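J.: Attaching a predicted model along with its sequence, questions to come.
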Amino acid sequence: MIDIYYTYAHIDSERFTKFILARYYNIPNAEICKTINGKPYLKNDKVFFNASHSKGLMALAVGKSEVGLDVESLSGKPRPAVLSKFTAREKNEILTLSDFYVHWTARESYIKYIAGTLAAMWRRVEFYGKKIYFLNKPADVPVMQFTLEGYSFSICGNFSKYSIKKIEKIPEKS
């Protein structure tokens, strides 16, 4: 099970992460560290998380194993320059703007899952047939996808179910 929290409150990802970890996971004053590529993690804890934001929405995935999350607003505009970087198999599946964001978020959630960077990993990752491929081989991790309130969500990790909770109010800093 992976828990997804989201808000429209104006808040940075670290503050949102600390708020969620304190309130729902009894981890007050979480010490957030970062990998060499900037992926956040908790020092000395067995809770994994990943955040994403897009056009006013902040989302956080929290679970007991590694996770990658990406969210994109479906109200964006076509991106021909980015579309040209998808593989031929992917382009055959990208027929609408929604399809574009499904493919984009799947790729990015996997890259975040493995703590990579878009620049270094883009050409090594492919998403088609609802599966992630890394270096032309099926990845050993699934991607769950759904749309909610005009956003495309992709969660990469070894989870078969998710729960989702909207966070309406976040207390001001003390």
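T.: Great, that's in hand. Residues are numbered from 1 along each chain as shown.

J.: need the next SSE after the lowest-mean-pLDDT helix or strand in the chain, C-terminal direction.
T.: Within the chain, confidence by mean pLDDT, DSSP states H and E is lowest for helix 80-83 among all helices and strands, at a mean of 85. Following the chain from helix 80-83 toward its C-terminal end, the next helix or strand by DSSP states H and E is helix 88-93.

J.: Can you show me the strands along the protein?
T.: Under the criterion DSSP state E, strands of the chain are mapped to 2-7, 32-34, 40-42, 48-54, 57-63, 68-73, 125-128, 131-134, 137-138, 143-148, 151-156, 162-166.

J.: sorry, back to before: could you dump the least confident helix or strand of the chain to PDB, C-alpha only?
T.: Output for helix 80-83, consisting of C-alpha atoms alone and laid out as PDB, is shown next (Å, rounded to 0.1, in the frame of the first residue of the first chain):
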ATOM      1  CA  PRO A  80       6.400  19.100 -29.700                       C
ATOM      2  CA  ALA A  81      10.100  19.400 -28.700                       C
ATOM      3  CA  VAL A  82       9.500  16.900 -25.900                       C
ATOM      4  CA  LEU A  83       7.300  14.600 -27.900                       C
END
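
J.: Mind listing residues that contact that helix?
T.: Around helix 80-83, the neighbours that count as contacts under C-beta atoms under 8 Å, 6 or more residues apart in numbering are 91, 94, 100, 104. The way it works is simple: take the backbone N, C-alpha and C, and place the C-beta from them, glycine included.

J.: repeat that for 7 Å
T.: 94, 100 (C-beta atoms under 7 Å, 6 or more residues apart in numbering).

J.: Please tell me how far that helix is from the chain's geometric centre.
T.: Centroid separation for helix 80-83 versus its chain: 20 Å, with C-alpha atoms, centre = their mean, to the nearest Å.

J.: Please identify the most buried of the strands of the chain.
T.: By mean neighbour count, with neighbours taken as mean count of other C-beta atoms under 10 Å, strand 151-156 ranks first of the strands of the chain at a mean of 26.

J.: Indicate each strand paired with it and its parallel or antiparallel sense.
T.: The strands beside strand 151-156 in its sheet (DSSP bridges) come out as strand 68-73 (antiparallel), strand 143-148 (antiparallel).

J.: Could you say which one of those comes nearest to residue 39?
T.: Comparing the strands paired with strand 151-156 against residue 39 with C-beta to C-beta, the closest turns out to be strand 68-73 (8.5 Å).

J.: May I see the strands of the chain organised as TSV, with distance to residue 85 and mean pLDDT added?
T.: Formatted as TSV, those follow (distance: least, C-beta to C-beta, whole Å; pLDDT from 0 to 100):
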stretch	distance to residue 85	mean pLDDT
strand 2-7	28	98
strand 32-34	26	94
strand 40-42	26	94
strand 48-54	19	97
strand 57-63	24	98
strand 68-73	16	97
strand 125-128	11	97
strand 131-134	15	98
strand 137-138	20	97
strand 143-148	19	97
strand 151-156	17	98
strand 162-166	29	97
